[in-house]
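Asks: need a 3D model of the sequence below.
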Amino acid sequence: MCHLPGLVVFDLDYTLWPFWVDTHVDPPFQRGRAGSVLDARGRPVRLYPEVPAVLERLQGLGIPMAAASRTGETRGATQLLELFSVRRFLRRVEIYPGGKSAHFHRLQQDTGVPFAQMLFFDDEERNIRDVSKLGVTCILVPDGMTQALLTQGLEAFARS
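Replies: Numbers count the residues shown, from 1 in each chain. Predicted structure coming up:
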């Protein structure tokens, strides 16, 4: 890969983990026995299986990462990023309700990375539509983040 993005941005719900943090699980979250993560009712919550490898691959390539989520459950989402050991991979985290375009304008300001140098993964068509209008390379995540989707995204970015 010769042409790599300056920033890779991930949505959270149904992109990094298989639930809506504001609806399907009950914060606050805690670490259970054997390193598992549990919600307030003691139910286990987890990332999609390939997420750690995806993050490590990007880190190995030296590509900075960020998260952008429209959830209103800011505290719970932030807590999960820490408990899942995802936060350490992320240079920036934008978690608050509103349009994804607002998250990207903030990311662009804070990182100095132009939109055309960003790659974004999200499970919602409307977010893909909104953010692609900014000039960001966007990849729809139909069933959780995978290594194959990362490869697809990096290839799409290189062609852009």
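Asks: how about the strands in this protein?
Replies: Listed in chain order, the strands of the chain (DSSP state E) span residues 7-10, 30-31, 37-38, 44-45, 65-69, 90-95, 118-122, 137-140.
Asks: between those, which one is nearest to residue 109?
Replies: With C-beta to C-beta as the criterion, residue 109 lies closest to strand 90-95 of the strands of the chain, at 10.1 Å. Quick note: C-beta positions are derived from backbone N, CA and C, even for glycine.
Asks: so what does that closest one touch, helix or strand wise?
Replies: Secondary-structure packing of strand 90-95 (3 or more C-beta pairs under 8 Å, 6 or more residues apart in numbering; DSSP states H and E): strand 65-69, helix 74-83, helix 100-111.
Asks: which outside residues touch the second one?
Replies: If you take C-beta atoms under 8 Å, 6 or more residues apart in numbering as the criterion, helix 74-83 is touched by 12, 17, 21-22, 25, 27-31, 37, 45, 67, 69, 71, 86-87, 90, 93, 95-96.
Asks: could you list the low-confidence segments of this structure?
Replies: Confidence mapping of the chain against pLDDT under 70 gives the ranges 1-2.
Asks: please redo it, this time with the cut-off set to 90
Replies: For the chain, the stretches with pLDDT under 90 are 1-2, 33-35.
Asks: and the gap between the residue nearest to residue 61 when sequence neighbours are not counted and residue 137?
Replies: Nearest non-adjacent residue to residue 61, counting by C-beta to C-beta, 6 or more residues apart in numbering: residue 4, 6.2 Å away. For residue 4, the distance to residue 137 (C-beta to C-beta, to the nearest Å) stands at 11 Å.
Asks: just residue 70 next, same as before
Replies: Noted for residue 70: a distance of 20 Å to residue 137, by C-beta to C-beta.
Asks: go on, residue 10?
Replies: 13 Å.
Asks: what of residue 32?
Replies: For residue 32, the distance to residue 137 - C-beta to C-beta - is 37 Å.
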